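# just need the structure, nothing else, for what follows:
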Amino acid sequence: MLQRGWIGGVPKRVTGVLDIGTSKVACLIAAVDADPRVLDERGAPVVRILGVGHQRSLGVKGGVITDLDQAEQAARSAIAQAERMAGVMLEEVHVSVACGRLKSHNFTASADIESGVVTDADFNRLLAGGQQYVERAGRTLVHLNEVAVRLDGATGVRDPRGMAAAKISADLHAVSADEAPLRNLLLVVERCYMAVASLTPAPFASALAVTSAEERRLGVTSIDIGGGTATLAMFADGRFLHAAAIPMGGNQITVDIARALHTPLAEAERIKALYGTLVSAQSDEHEVFSYPPTGGDEGTVQHMTRAELAEVVRPRVGAIVAQIRELIEGCEVARYTGRCVVLTGGGSQLVGIADYVANELSLPVRVATPQAISGLPPVVSSAAFSTAAGLLLAATPDQAGRITFKDRDPAPHGYLHRVGSWLRDGF
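You can find the predicted model right below:
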């Protein structure tokens, strides 16, 4: 049970998720149908939002915790806001991970079946070997899922339990992160008196929120341009195959505007949201907006055309997309993920960004917001909240596949000491 106390009725199963990003901290509390056979019309678990909390992020830069006190303050406020709305006190949360230079690993692991019949213990031993392989270079395992399973070389096996075999092999995909940034993230959660129910790569969660099961089966690449990071997730045959992140996002665009216009960051953010564009139109040469300069006298305003603003925005977006293109071109599994690209995140709201990215990647691109979830307020239904919404779907075993979270106490004998090694039920 995730609740300590209730005001009102008690849903059968309550899940809390926490997304600590560069621009905002979001906490969602939802009732999830515990029966995996009960799905909505899209084949997703039935979810009903009970509480929502979001605050401006503090102490986070490029997805990395830079000030524990400030990050704790923002996280506490978001959690408390969601708890008040839901009438519930959380004990644990599912947390997204975008820090620590996320890196994907695709490899094969094998194990002999001594009894001649595959059991859960055999498969768990296989995954344990995969975890040791990923962490041999000092990295920390965040996510582990199977891509394909073979029994005595025979392919196409979906559920090997109970089947006769002398050897089991599995193609595995893992996502790892640097240890120190991950421990700092856990420290923030610990200081909010929360346990970590699971860690989920942010690109994986975001992709679950904005892509359909059919798209993931046919092959899709999801790109989330957030405030401080841009993340990438690739799927084929319904399997999670690749993840990556770069420390660039919409905040860098805001800073570029603030510097070019010599205006406060808050004003630059407003200008970006209202007038930012990547589309070249003749009318932009004549569409003028005003803004207050930094250090100017009260009432002093400057003027700029929308076309001139586009010249400030375009180079930074180009740099972000160029790095994403390099990630895709350097990925060995890209040839399996089809030609469908889905763009989300707060940075995806720039006018004309879909066509711009499509031209740069030579792939069709669509901009997406999180799929409809019952009770999700309009204010958090935007693309900026894709990761938080996707965490709810990632928290269900049927959607998440196999994820391994080994005991990661941020400090000896800390609150998270009670979070032991766990392996989410798969097969």
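# alpha carbons only for contacts and neighbour counts from here, please
Fine.
# for the stretch 51-200 of the chain, just list every one of the strands.
In the stretch 51-200 of the chain, strands defined by DSSP state E, counting those that start in this stretch lie at 60-61, 64-65, 88-90, 92-97, 103-112, 139-151, 154-157, 167-178, 195-201, listed in chain order.
# from the chain's centre, how far out does the second one sit?
What that stands for is strand 64-65. 15 Å (Cα atoms, centre = their mean, to the nearest Å).
# swap in the longest one?
A distance of 18 Å separates the centroid of the chain from that of strand 139-151, by Cα atoms, centre = their mean.
# which elements pack onto that strand?
helix 120-134, strand 154-157, strand 167-178, strand 195-201, strand 239-246, strand 404-405 (3 or more Cα pairs under 8 Å, 6 or more residues apart in numbering; DSSP states H and E).
# got JSON lines for the ones you listed, with distance to Y275 and mean neighbour count too?
Output for the helices and strands packed on strand 139-151, formatted as JSON lines (distance: least, Cα to Cα, whole Å; neighbours: other Cα atoms under 10 Å):
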{"stretch": "helix 120-134", "distance to Y275": "45", "mean neighbour count": "17"}
{"stretch": "strand 154-157", "distance to Y275": "51", "mean neighbour count": "12"}
{"stretch": "strand 167-178", "distance to Y275": "37", "mean neighbour count": "21"}
{"stretch": "strand 195-201", "distance to Y275": "32", "mean neighbour count": "23"}
{"stretch": "strand 239-246", "distance to Y275": "26", "mean neighbour count": "25"}
{"stretch": "strand 404-405", "distance to Y275": "43", "mean neighbour count": "22"}
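# which one of the strands of the stretch 51-200 of the chain lies nearest to T387?
Closest to T387 of the strands of the stretch 51-200 of the chain, according to Cα to Cα: strand 92-97, at 7.6 Å.
# name the helices or strands packed onto the closest one?
Helices and strands touching strand 92-97, by 3+ Cα pairs under 8 Å, 6+ apart, are strand 14-20, strand 195-201, helix 202-210, helix 386-394.
# got the contact list for that strand?
Contacts to strand 92-97, defined as Cα atoms under 8 Å, 6 or more residues apart in numbering, come from residues 2, 15-20, 182, 194-202, 205, 387-388, 391, 395.
# so the residue lying farthest from the centre of the chain, which of the three states?
Here the centre of the chain is the reference, and by Cα atoms, centre = their mean the most remote residue is D297, at 42.8 Å. Three-state call for D297 (DSSP: H, G, I helix; E, B strand; the rest coil): coil.
# who touches it in this structure?
No contacts exist for D297 under Cα under 8 Å, 6+ apart.
# C99 now?
With Cα under 8 Å, 6+ apart, C99 has these contacts: G62, G63, V64, A177, D178, P181, L182.
# number of residues surrounding the first one?
Read it as G62. When neighbours are counted by other Cα atoms under 10 Å, G62 registers 22.
# how far away is it from E83?
Distance of G62 to E83, given as Cα to Cα, to the nearest Å: 27 Å.
# for I253, give me the pLDDT.
For I253, the pLDDT comes out at 96.
# so it is in which element?
If you go by DSSP states H and E, I253 is part of helix 250-261.
# neighbours of Y193, how many?
Around Y193 there are 15 residues (other Cα under 10 Å).
# correct me if wrong: it contacts A80.
No: counting by Cα atoms under 8 Å, Y193 stays clear of A80, with 11.6 Å between them.
# can you show me the CA trace of stretch 272-285 as CSV?
The C-alpha trace of stretch 272-285 is given here as CSV (Å, rounded to 0.1, in the frame of the first residue of the first chain):
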residue,chain,number,x,y,z
LYS,A,272,9.6,32.5,-26.4
ALA,A,273,6.2,31.1,-25.6
LEU,A,274,4.2,33.9,-27.3
TYR,A,275,6.4,34.8,-30.3
GLY,A,276,9.0,32.0,-30.7
THR,A,277,8.9,30.4,-34.2
LEU,A,278,10.9,28.5,-36.7
VAL,A,279,8.6,29.3,-39.6
SER,A,280,9.7,31.9,-42.1
ALA,A,281,6.7,34.1,-43.1
GLN,A,282,6.5,37.5,-44.7
SER,A,283,4.2,38.7,-42.0
ASP,A,284,6.8,38.1,-39.4
GLU,A,285,8.9,41.0,-40.8
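# can you list the residues that contact it?
Counting by Cα under 8 Å, 6+ apart, 254, 257, 305-310, 313-314, 349-353, 356 sit against stretch 272-285.
# list the buried ones in it?
Within stretch 272-285, the residues that qualify as buried are K272, A273, Y275, G276, T277, L278, V279, D284, counting by 16 or more other Cα atoms under 10 Å.
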